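S.K.: fold the stuff below for me.
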Amino acid sequence: MSGIQIGNKHTEKDWNLIWQDVDIGAPDIQSNFVSVPYRNGLLDLTESEHTGVRYANRTLSFSFFYRCDMRRWKDLYSEILNHCHGKKHRIVLDSDPFYYYEGRINVSSKKEDALHASLTIKVDAQPFRKPLASTIEDWLWDPFCFDTDIIRDYGYINVQDSAHVTIIAGEESEIPIFHCSSSILLEYNGKQYQLKKGINKCYDFIIQYHQSYDLTFIGNGIVSIEFLAGEL
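M.R.: Numbering: from 1, shown residues only. The predicted structure follows:
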């Protein structure tokens, strides 16, 4: 099978579209240069210590080919428009099955001749592609690439008095969510965070840029660390 999954529809399996071309555009950098009096050059504030580089949306473009008569194409084109056009969906490429993009879709078509039609799907997508499974969900082994992918399995960490865990961030800046079965103390980089039973977010603890973070949990209970590790 070769195509893309758009929500609960697949371009080949459901619509018999033949995938011809794909263009995954890079998101524009949201640069920020400030002119400061009496200073040579501009002050570059594009990247901050806590949030990193910010990006605009990216454009995805997919082209397809379809063999059909005019009547069949009108019905199918209407079906595709009803599902996609103007709608916001998750997009999963068969060539990149471990991640999804998300954005708003624009569809256009041209009937080439009596038996052939072309269709273009463009997506105004969020800048980062996201894993289908978070760090606390079941790991997907089928699409896993041992050469490039990173196993991030941070669910159900058993803390007995203390536990040491190293997590690896993705490219996107994120605030991890800590799920705790009881009150637990988190230590990182000389700082302490008191985690209560339930769901916790420490808003001054931001991970990014594929950096590793050595965490120490003190107490007794089960801790799960949830984030998505988005990539460009």
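S.K.: ok, now which ones touch residue 84?
M.R.: Listed by Cβ atoms under 8 Å, 6 or more residues apart in numbering, the contact partners of residue 84 are 6, 105, 107, 121. Backbone N, C-alpha and C define where each C-beta goes, glycine included.
S.K.: return the member of these nearest to residue 27.
M.R.: residue 105 (17.1 Å; Cβ to Cβ).
S.K.: who's the closest one bridged to?
M.R.: residue 123 (DSSP bridges).
S.K.: and for it, the neighbour number?
M.R.: 23 (other Cβ atoms under 10 Å).
S.K.: so it makes contact with residue 87?
M.R.: Yes: the pair residue 105 / residue 87 is scored as a contact, 5.8 Å apart, by Cβ atoms under 8 Å.
S.K.: who's in contact with residue 214?
M.R.: Residue 214 neighbours (Cβ under 8 Å, 6+ apart): 164, 165, 166, 188.
S.K.: ok, the residue nearest to the second one when sequence neighbours are not counted - contacts?
M.R.: Ranked by Cβ to Cβ, 6 or more residues apart in numbering and with sequence neighbours excluded, the top spatial neighbour of residue 165 is residue 215, at 4.9 Å. Applying Cβ under 8 Å, 6+ apart, we find residue 215 in contact with 164, 165, 166, 167, 186, 187, 188, 225.
S.K.: tell me what the lowest-mean-pLDDT helix or strand in the chain is packed against?
M.R.: Lowest on mean pLDDT, DSSP states H and E among the helices and strands of the chain sits strand 47-48, with a mean of 76. Where contact means 3 or more Cβ pairs under 8 Å, 6 or more residues apart in numbering; DSSP states H and E, strand 47-48 is not packed against any helix or strand.
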